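S.K.: heads up, no residue letters with this:
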């Protein structure tokens, strides 16, 4: 573990914050870190850039992060298998909630050499952390963009146009996204970022094992749909 210092902090609502730190990491889109708020538990968080994370308060440690009870953080990583980096492709990225974090990193890396559209769904406008070009925003309460979910937003697009799909959010949402693309794309052309409880972060404890035996921390967190068996 090494120590990083918080360089910028932005709180979007009572439960969501974006935290930047120094120094930046040598990381790839889709990888994660094990973050330690001293005095609390260590938790896994996807990287939103080489030097930032997005966190939602769901427990004691994440609540401490969202309420900035720190100036320095302990960090291990980056860990995990990243997204496949395409070139000269027509791409769609689909994010639900704080699942936008790893896709923001991917977007920054690949948008220069690919044609990228984005669908970003949240409950309300206060949860929008990032802004993207060629993006359909969907809010469940209609406070910004389309009123509805990412599935509603996808029905506004001609899905036959896309060669690759990248998705991160709740697993039920990602499965619903794949159902729309299943008649149109090979399973290997749709990549998803999965979330599981983790303790070690590098494949020793087995706490993040999927039903097929793959480990989210080591074999993922990015998988194509064929690997997860959807």
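M.R.: Received it, and whenever you're ready, just let me know what you need. These numbers were taken from a predicted model, which means no experiment stands behind them.
S.K.: please parse the chain into its domains.
M.R.: For the chain, the structural domains run 2-79, 90-193, 194-230, going by automatic domain parsing.
S.K.: avg pLDDT for the longest one?
M.R.: Read that as domain 90-193. Throughout domain 90-193, pLDDT has a mean value of 97.
S.K.: measure that domain end to end?
M.R.: Separation of the first and last residues of domain 90-193 by CA to CA, to the nearest Å is 19 Å.
S.K.: run the chain-centre distance for that domain.
M.R.: 11 Å (CA atoms, centre = their mean, to the nearest Å).
S.K.: for stretch 196-209, same thing?
M.R.: Offset of stretch 196-209 from its chain centre (CA atoms, centre = their mean): 18 Å.
S.K.: again with stretch 89-96
M.R.: 12 Å.
S.K.: residues contacting it, please?
M.R.: 103, 106-107, 110, 114-122, 150, 154, 157, 159, 161-170, 173-174, 177 (CB atoms under 8 Å, 6 or more residues apart in numbering). Any C-beta I mention is one placed from the backbone N, CA and C, and that applies to glycine too.
S.K.: out of those residues, list just those in strands.
M.R.: 115-122, 164-168 (DSSP state E).
S.K.: can I get the buried part of those residues as one PyMOL selection?
M.R.: PyMOL command restricting those to the buried ones, with burial defined by 16 or more other CB atoms under 10 Å:
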select buried, resi 116+117+118+119+120+121+122+164+165+166+167+168
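S.K.: export the ones in strands among the contacts of stretch 89-96 to TSV and tack on distance to residue 49?
M.R.: Listed next are the ones in strands among the contacts of stretch 89-96 as TSV, based on distance: CB to CB, whole Å:
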residue	distance to residue 49
115	22
116	16
117	21
118	16
119	21
120	17
121	21
122	19
164	21
165	22
166	16
167	19
168	15
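S.K.: nearest to residue 56, of the ones in strands among the contacts of stretch 89-96?
M.R.: For those, the minimum distance to residue 56 (CB to CB) is 10.9 Å, reached by residue 122.
S.K.: SS state for residue 201?
M.R.: Of the three states, residue 201 takes coil under DSSP: H, G, I helix; E, B strand; the rest coil.
S.K.: tell me, how many residues neighbour it?
M.R.: Close neighbours of residue 201, defined as other CB atoms under 10 Å, add up to 21.
S.K.: isn't it right next to residue 35, touching?
M.R.: No - Residue 201 is beyond contact range of residue 35, at 10.2 Å (criterion: CB atoms under 8 Å).
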